[in-house]
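>>> A structural model of the following input is requested.
(chains A and B)
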Amino acid sequence: MPSSGYDAACLPDLLPLYYRRLFPFAQYHRWLNYGGVQKNYFQNREFSFTLKDDIYVRYQSFSTQTELEKEMLKMNPYKIDVGAIYSHRPNQHNTVKSGTFQALEKELVFDIDMTDYDDVRSCCSAAEICSKCWTLMTIAVHILDRALRDDFGFQHLLWVYSGRRGVHCWVCDEAARKLSVAARSAVAEYLSLVKGGDETVKKVVLTDPLHPFIRESLAVVERYFPQYALHEQEILSRKESVDKVLALVPEDILFLFQCCIYEGNKACSRASRWKLAVIRSLCLQATAKKGQHFEKEIMLQYCYPRLDVNVSKGVNHLLKSPFSVHPKTGRISVPMDLEELDTFDPLAVPTISLICEELDRPRAAGGGEESEDVKEKENEKDAAERRKIRDYKRTSLAKYVKYFDQFLDGLALSWKGELLKKSDLEKDF
Amino acid sequence: MQFSGRRRKVITSPQVELYGQALQFYGQPPLENMSLSEFESFAVDRLKLLKTIENLGVSYVKLSDDYKRKLDNESRNLNFPYRPDAVPDDRKSQVGPSEYEKRRKDHISHFILRLAYCQTEDLRRWFIQQEVDLFRYRFNGLQPKQKVEFLHKNNLQYDTISVEEKKTLQDKLVNSSHNVSGITVEDQDFYKVPFQDALDLVRTRKVYLKAGYVYIPHQDIVAIVLNDFRTRLSKALALTARSLPAVHSDERLQPLLNHLSHAYVGQDYSIQKNVGKISLEQIDSLSVKSFPLCMRQLHQALRDSHHLRHGGRMQYGLFLKGIGLSLEQALQFWRSEFIRGKVDADKFDKAYAYGIRHMFGKEGKRADYTPYSCMKVILSNLPSQGDHHGCPFRHSDPELLKQKLQFYKVSPSGISQILELVKGMHYQLACQKYFELTHSIEEASFSLNHPNQYFIESQRVLGGGKDIKREVGTPQRSQENSAARGSTTDREAAAAANAAKDLPEMTEDLDSFFQDA
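Residues are numbered from 1 along each chain as shown, chains lettered A, B, ... in the order given. Have a look, this model is predicted:
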């Protein structure tokens, strides 16, 4: 699906349209209000806006959804970040006695950025991405999603495309929102396997026994490795990239490994040559203890998710908001449906120009939409709301908002329980 | 606590019960009268113990034989409880204080130090870290039976899992931890603990985690206990901070408490001396002559790629502040370098200048950030892809480190000495050896624990080793280029001057202890 040519210079005109008619405020508020279980949860949430000319304002907060809409329309932010829930309204933090204004809760978040993989991808670097290296994000989401659910027991995960070169995860469970700094940092470190900066050559070291978490993650990596690393990234095709791989192979089997890679018949697929090299080397190593997981370490170094622990650690850390626009690419930060993860194409994510253009197209289907309108008439509060729903449904944004709705429905089940408990306690029948 | 001059009064029966166990959570504060001099000496001794723990923790693997032996010795010398079976031929135990007295000292000194260390986030973090390490070492020294007793007495009740569940999870349990074998699973109870209560085990992935619960064999319950201790202490310190004004109103205590909390850092290089004495043109040559390897590496990376990521900017930027760069100089320095790269002047002013001003305490909460100590560089903020910060002796591949040292013309024998120290995890000692080799001196006269200290010592050596006498009581610092050595800061000097008559002697002892450390 081609996206309209996006030009950053059009943002000043597109943004007001986006905020007036397309940004899903109702859903957004439904999310951040968390059912109203805790008092002032929405009111004490910090937002930060980046306005035109890079003017950055922090400690924005709003009392109601209407106020949020009004302010966003007024300020026309280019970027929106979401921060923590504080002890007081952030926009009044200057009036609070120093030391008492504190960040209390926030979703547990993760940020996977493609630039952190520059040393292991050959197709792109820095801010560029393509379908070849996007597989890294797919792998990252599979691994982290499984671990956060199965190992940590979290249930309400929102994965969001960042708009340019990565993905974010918002863990919205109540237990997650209440985690301390130490706990967040522990979770992030549990999930980290790739360690070291430019000065470190071998970034993954495995020792026996292999923890179940590592086994599960390896299972995912192994599914993608042949296609991704051997075919698409071609890590065994050019001398330069082969050398990088060889730098990770233990010395005592290096020579054998090298021979297997080079001598392998060209008719032999790269995957087979890799397998052959690994098997022969492992046989040689059968009695040696050290370095026996080298092929796993290599696969992990090339594919395992690299997350920025600092983003996850801080309770007060601000992260780009879902449904905000990325000023450089024009793409909307859309939630990702994990059922369709393997076919997700970041380059097909709608841009603000596209969806604004779609707004102006004449209505497509006639009858179907009319009956939907009738239904909505019964349920909606006012005309503006109804119109807005009709609006985004006409654009490519529709499916992403629908998915967000499903996510919120799941989340709502958790706070329904809480509300019942509370009303029981207060004897409110 | 009541103070009644130099008289000592001891309440016996409740205390005997209180000190019945070797180890405690310090739940109850002491309730007795004691002399002021005992108050002081207890506090100073505990501080020495904690400082030892800090140093050992960086130079040795915690709970290794060397670590335990050294800590046992220190505990014994300072009259704190230690494991009786640890020291075989112990003549001192015959004549020295009794076990009861040692435990009492331990109890009281802990609470005194709480008063001194509850005031700021940094102090609390340091105090908690050392107390947790001390607790870990002591808990480790208990017999298994005593451990169980301790758990029950302190209300740590977690559920065990059924035999069927153990069987189902057997493989996973065994594979999650080094010290869990099939036999362990059969013989021992496994506890299901919420992961938030076992963060150390989760962080290092040393335990099986499922649906938010970790499964811990009885033998490993120590990590839980530590976490609990840490949490309790953290809450207690917050409470203590609130009652501080009352304590500070007692003018006998205030000077001592102030001195205790400043002494731990020794020199933190936060007060800028010699501001403006360094010119930007000197930095390149200084980076070769007088910068520790970590800063030299950062400077080189900055010159090469005209950019540094956030971690590197913080570590290097604060270091430069510590050696005397003014805010204007810093802005000019970073700006001119970044402009050579992909950043234009405008972008620099918008995105990076704020951060630099923040470092100097001119933005945000206006905190004047202190340059990172070696401990901080080694232990926190691990470098990742694209980073150049951290400690090269800790974070660089030994091969790359070797190449770098060769490139910097360190002798082969020197390099192997350094690599030996790195292998033994003695990172600061390795850096000290680097200092000795690059300055052609036999043995450094200081114990390295801060990059700015490295710089100052280097300048001293290169400037002819002029010794500047410690100035006690005078707030003005000398403006000479070979900066003053010694661990008194302005605040300490002022505190010493204001102290009661019998304190200056005490504080001098404290200072000289930290100088020799």
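>>> Buried residues in stretch B:114-129, which are they?
B:Arg114, B:Leu115, B:Ala116, B:Tyr117, B:Cys118, B:Gln119, B:Leu123, B:Arg124, B:Trp126, B:Phe127, B:Ile128, B:Gln129 (16 or more other Cβ atoms under 10 Å in any protein chain shown). Bear in mind the C-beta positions are built from the backbone N, C-alpha and C, glycine included.
>>> repeat for stretch B:289-307
For stretch B:289-307, using 16+ other Cβ under 10 Å, the buried residues are B:289-302, B:305, B:307.
>>> for stretch B:252-259, same thing?
So stretch B:252-259, judged by 16+ other Cβ under 10 Å, has buried residues B:Leu253, B:Gln254, B:Pro255, B:Leu256, B:Leu257, B:Asn258, B:His259.
>>> Grab the nearest non-local neighbour of the second one.
If I follow you right, that is B:Gln254. Excluding its sequence neighbours, the residue lying closest to B:Gln254 (Cβ to Cβ, 6 or more residues apart in numbering or on different chains) is B:His248, at 5.0 Å.
>>> and A:Leu338, how many neighbours does it have?
For A:Leu338, the count of nearby residues is 14 (other Cβ atoms under 10 Å in any protein chain shown).
>>> wait, A:Leu193 sits on A:Ile214?
Yes - contact status for A:Leu193 versus A:Ile214: in contact at 7.1 Å, counting by Cβ atoms under 8 Å.
>>> ok, the closest residue in space to A:Ser63 that isn't next to it in sequence to A:Glu71 distance?
Distances taken as Cβ to Cβ, 6+ apart place A:Gln43 nearest to A:Ser63, at 5.3 Å, with adjacent residues excluded. Going from A:Gln43 to A:Glu71 by Cβ to Cβ, to the nearest Å gives 13 Å.
>>> Between the two, which contacts overlap?
Contact criterion Cβ atoms under 8 Å, 6 or more residues apart in numbering or on different chains; residues shared by A:Gln43 and A:Glu71: A:Phe62.
>>> Grab the nearest non-local neighbour of the residue in the stretch 101-250 of chain A positioned nearest to chain B.
Proximity of the stretch 101-250 of chain A to chain B (Cβ to the nearest Cβ) peaks at A:Gly153, 3.0 Å away. Among residues not flanking A:Gly153 along the chain, B:Gly212 sits closest, at 3.0 Å (Cβ to Cβ, 6+ apart).
>>> which residues sit against the strand or helix carrying B:Arg394?
In this structure, B:Arg394 is located in helix B:392-395 according to DSSP states H and E. Defining contact as Cβ under 8 Å, 6+ apart, one finds that helix B:392-395 is touched by A:196-197, A:199-200, B:293-294, B:297, B:378, B:382-383, B:401, B:404, B:418, B:421-422, B:427, B:430-431.
>>> if we go to 10 Å?
A:195-197, A:199-200, B:58, B:292-298, B:374, B:377-379, B:382-384, B:387-389, B:400-401, B:404-405, B:418-419, B:421-422, B:425-431, B:433-434 (Cβ atoms under 10 Å, 6 or more residues apart in numbering or on different chains).
>>> can you check stretch A:350-364 too?
By Cβ under 10 Å, 6+ apart, stretch A:350-364 touches A:1-7, A:10-11, A:13-15, A:17-18, A:21-22, A:163, A:325-327, A:329-332, A:334, A:369-370, A:390-392, A:394-400.
>>> give me that answer again for 6 Å
A:3-4, A:6, A:14, A:17-18, A:325, A:330-332, A:395-397 (Cβ atoms under 6 Å, 6 or more residues apart in numbering or on different chains).
>>> Same question for stretch A:311-330.
In contact with stretch A:311-330 (Cβ under 6 Å, 6+ apart) are residues A:6, A:48, A:78, A:80-84, A:103, A:106, A:109-111, A:160, A:163-164, A:181, A:184-185, A:188, A:332-333, A:335, A:351-353.
>>> Show me which positions of it end up buried.
A:311-315, A:317-327, A:329-330.
>>> do you know how far B:Phe393 is from chain A?
11 Å (Cβ to the nearest Cβ, to the nearest Å).
>>> what's the burial count for the residue of the stretch 101-250 of chain B found nearest chain A?
Nearest residue of the stretch 101-250 of chain B to chain A, counting by Cβ to the nearest Cβ: B:Gly212, 3.0 Å away. Neighbour count of B:Gly212, defined by other Cβ under 10 Å: 18.
>>> So which residue is dead centre in chain A?
What sits nearest the mean C-alpha location of chain A, by Cα atoms, centre = their mean, is A:His168, with 2.1 Å.
>>> Sorry, wrong one. I was asking about chain B.
Nearest to chain B centroid, counting by Cα atoms, centre = their mean: B:Glu54, 5.0 Å.
>>> Just give the closest residue to that residue, not the sequence neighbours.
In space, B:Glu54 is closest to B:Gln130, 5.7 Å off (Cβ to Cβ, 6+ apart).
>>> Tell me the helices and strands packed up against whichever strand or helix holds B:Leu226.
Secondary structure assigned from DSSP H and E places B:Leu226 in helix B:222-242. The helices and strands touching helix B:222-242, judged by 3 or more Cβ pairs under 6 Å, 6 or more residues apart in numbering or on different chains; DSSP states H and E, are helix B:121-140, helix B:199-203.
>>> Output the ones you listed as JSON lines; include the columns distance to A:Phe62.
Formatted as JSON lines, those follow (distance: least, Cβ to Cβ, whole Å):
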{"stretch": "helix B:121-140", "distance to A:Phe62": "30"}
{"stretch": "helix B:199-203", "distance to A:Phe62": "34"}
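>>> how about the residues of chain A near chain B?
A:54, A:116, A:151-153, A:182-183, A:186, A:189-190, A:197, A:199-201, A:209, A:211-212 (Cβ under 6 Å from any Cβ of the partner chain).
>>> Restricted to helices, list these.
A:Ala182, A:Ala183, A:Ala186, A:Glu189, A:Tyr190, A:Pro212 (DSSP state H).
>>> distance of the first one from B:Asp65?
When distances are taken as Cβ to Cβ, A:Ala182 and B:Asp65 turn out to be 29 Å apart.
>>> So for those two, which sits in the more crowded spot?
A:Ala182 (17 against 9).
>>> mind checking how far the more buried one is from B:Arg203?
As judged by Cβ to Cβ, A:Ala182 and B:Arg203 stand 9 Å apart.
>>> One more: B:Leu382?
From B:Leu382 to B:Arg203 the distance is 12 Å (Cβ to Cβ).
>>> Surely the residue nearest to A:Ser63 and A:Thr64 touch.
No - counting by Cβ atoms under 6 Å, A:Gln43 stays clear of A:Thr64, with 8.3 Å between them.
>>> which residues in the stretch 201-350 of chain B form helices?
Along the stretch 201-350 of chain B, the segments classed as helices by DSSP state H, counting those that start in this stretch run B:222-242, B:244-248, B:254-263, B:283-289, B:293-305, B:310-323, B:327-339, B:345-347.
>>> mind putting these in CSV, mean pLDDT included?
Formatted as CSV, the helices of the stretch 201-350 of chain B follow (pLDDT from 0 to 100):
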stretch, mean pLDDT
helix B:222-242, 87
helix B:244-248, 80
helix B:254-263, 74
helix B:283-289, 92
helix B:293-305, 95
helix B:310-323, 94
helix B:327-339, 93
helix B:345-347, 89
